[in-house]
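Peer 1: Predicted model and sequence below, questions to follow.
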Amino acid sequence: MAETVHGGRWTLQDRLDASLRELPFEVPAGSAGFTVELSYDRAAGVLDLGCLGPGGASFHGWSGGARDRFSIATDWATPGYLPPAGGELAPGDWRVLLRLHRIPPGGLDYEVRVSVTGTRPPRPAEPGPPTPGRRPPRREMPTVDGMRWLAGDCHSHSVHSDGALTIPELAALAAGRGLDFLAVTDHNTTSHHRELPGVGLRHDITLVPGQEVTTDAGHANAFGDIGWVDFRRPVDEWLAHAERAGGVLSVNHPLGGDCAWRTPFAGTRPRHAEVWHSGWSDRRWGAPLAWAQVWRPDVVAIGGSDFHRHGDNGLPGDPTTWVLAADDSPTAVVAALAAGRTAVSAAPDAPLLLRLGDELLALDAEGTVLVRPDGRRQVLHGNRVVLAATAGPHRLETHENEVIALCQ
């Protein structure tokens, strides 16, 4: 067994000089696996953890601040990390990727210990898959040109980053909430993607591959099976990567406290934005809508619960993003997002406003107020109301100006 130890004290100036650091370790030929252990005072600061292959040329996983230990073996890896594609660890100069996320003024002592072995590291026991439950009846929804409306959530996390549930547990929860699709958007990794098709089939829900591209100055969701988006690159390259690969990039929770979007784009801003995040707890607060109006006049508003664990943020579907899709495949869901065929409601069974070509359909919206793009307002009567639509975003509000539904 070979062991490499890095240690010392990071300072606030170190973080300002370069927040991302690469710590090398050698993987000899024929190695069966390695384990990385990070230790520091978590009460004093935050260090994020990841892994790069030989020479730093290939990505092998990320767990951020959620873990202080991970293993990569020839045939398995800790969630958030990727085992080698060919079943053999490439020999050479691997790197522990460390981000100095929060360093106090007095500095932060740390130690990184890497143990490389000739025998495979023991694989931890995993919980058995949950039994698929009964899904609630689906709402009666109109079709449009052969396409149908699907209820989903565009933002969720699993044990592959800082979530508490496995992919099967997350799928069972979302299906039980009545969702047709769920985007699994773990931070800076794609290790969860390989689980999604089989688990989605078992639980009768479309699991859309995603990743939350995460930095200290903003988060963005990349949707689609588009490969890993390098969070170390400028944000304009994130957008170019997504568009080139047939995916969608959406700015997340732009007003979300210390996770707010604070990075300018040098070129075109993404059209998609998570205008409705579960953190929008008082929807009489108009800042998210005001932000969207100045971000882009043609912004596509989507919603996401940002679910991590029970008791944090909202449950999957709080809020619910609706997409008008050609079918229920992940590709069709991403295509509907890209085309802007979206609406957002507070929950799967909450009042809903949909665009049907040149018309709007308001469902279960008795006594609410329709707000048109030019500011005109109209009280709605009835639980299934069809109205003329104009170009631009529409919304439903209560008499207290609380937003309860959005549509493009």
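Peer 2: Cool, the structure landed.
Peer 1: In three-state terms, label Glu237 for me.
Peer 2: helix (DSSP: H, G, I helix; E, B strand; the rest coil).
Peer 1: tell me which element the spatially closest residue to it that is not a sequence neighbour falls in.
Peer 2: Of all residues not flanking Glu237 in the chain, Asp230 sits nearest, at 7.4 Å (Cβ to Cβ, 6 or more residues apart in numbering). The C-beta positions use only the backbone N, C-alpha and C, and glycine is treated the same way. Under the criterion of DSSP states H and E, Asp230 resides outside all helices and strands.
Peer 1: With Val294 instead?
Peer 2: Element membership of Val294, judged by DSSP H and E, is helix 287-295.
Peer 1: Could you spell out the sheet neighbours of the very next helix or strand once past that helix, each with its direction?
Peer 2: Remark: after helix 287-295, the chain's next helix or strand is strand 300-304, criterion DSSP H and E. Strand 300-304 has these partner strands in its sheet, going by DSSP bridges: strand 272-277 (parallel).
Peer 1: how big is the angle separating the partner strand from helix 287-295?
Peer 2: Interaxial angle of strand 272-277 relative to helix 287-295 (axes from the mean of the first three to the mean of the last three Cα atoms, to 10 degrees): 160 degrees.
Peer 1: Centroid-nearest residue for the chain?
Peer 2: Taking Cα atoms, centre = their mean, the centroid of the chain lies closest to Thr185, which sits 2.8 Å from it.
Peer 1: isn't it right next to Gln211, touching?
Peer 2: Yes. The criterion here is Cβ atoms under 8 Å, and Thr185 meets it with Gln211 at 5.9 Å.
Peer 1: list residues touching both of those two?
Peer 2: Applying Cβ atoms under 8 Å, 6 or more residues apart in numbering, one finds that Thr185 and Gln211 are jointly contacted by Asn221.
Peer 1: In the stretch 251-400 of the chain, what residue spans correspond to strands?
Peer 2: 272-277, 300-304, 320-325, 342-345, 352-356, 359-363, 369-371, 377-379, 384-388, 394-397 (DSSP state E, counting those that start in this stretch).
Peer 1: actually the stretch 51-200 of the chain, sorry about that
Peer 2: Applying DSSP E, counting those that start in this stretch to the stretch 51-200 of the chain gives strands spanning 59-64, 69-73, 92-102, 108-117, 143-144, 147-153, 181-184.
Peer 1: Among those, show the one with the smallest mean pLDDT.
Peer 2: Lowest mean pLDDT within the strands of the stretch 51-200 of the chain: strand 143-144, a mean of 94.
Peer 1: Pull up the pairing partners for that strand, direction included.
Peer 2: Neighbouring strands of strand 143-144 in its sheet, by DSSP bridges, are strand 147-153 (antiparallel).
Peer 1: ok and the strand it pairs with relative to strand 359-363, angle-wise?
Peer 2: Relative orientation of strand 147-153 and strand 359-363, computed by the same axes, to 10 degrees: 50 degrees.
Peer 1: Kindly format the C-alpha coordinates of stretch 51-60 as CSV.
Peer 2: Taking Å, rounded to 0.1, in the frame of the first residue of the first chain, the C-alpha atoms of stretch 51-60 are listed here in CSV:
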residue,chain,number,x,y,z
CYS,A,51,-10.9,14.1,-7.8
LEU,A,52,-9.1,14.4,-11.1
GLY,A,53,-7.3,11.7,-13.1
PRO,A,54,-3.7,11.5,-14.2
GLY,A,55,-2.2,15.0,-14.8
GLY,A,56,-5.5,16.6,-13.9
ALA,A,57,-6.8,15.9,-17.4
SER,A,58,-9.9,13.8,-16.6
PHE,A,59,-12.8,14.3,-14.1
HIS,A,60,-13.5,11.5,-11.6
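Peer 1: list the buried ones in that stretch?
Peer 2: Cys51, Leu52, Gly53, Pro54, Ser58, Phe59, His60 (16 or more other Cβ atoms under 10 Å).
Peer 1: Which single one of those is nearest to Met147?
Peer 2: Closest approach between the buried residues of stretch 51-60 and Met147, by Cβ to Cβ: Phe59, at 35.6 Å.
Peer 1: Return the residues in contact with that closest one.
Peer 2: Contacts for Phe59 were tallied using Cβ under 8 Å, 6+ apart; they are Gly50, Cys51, Leu52, Gly53, Leu82, Trp228, Asp230.
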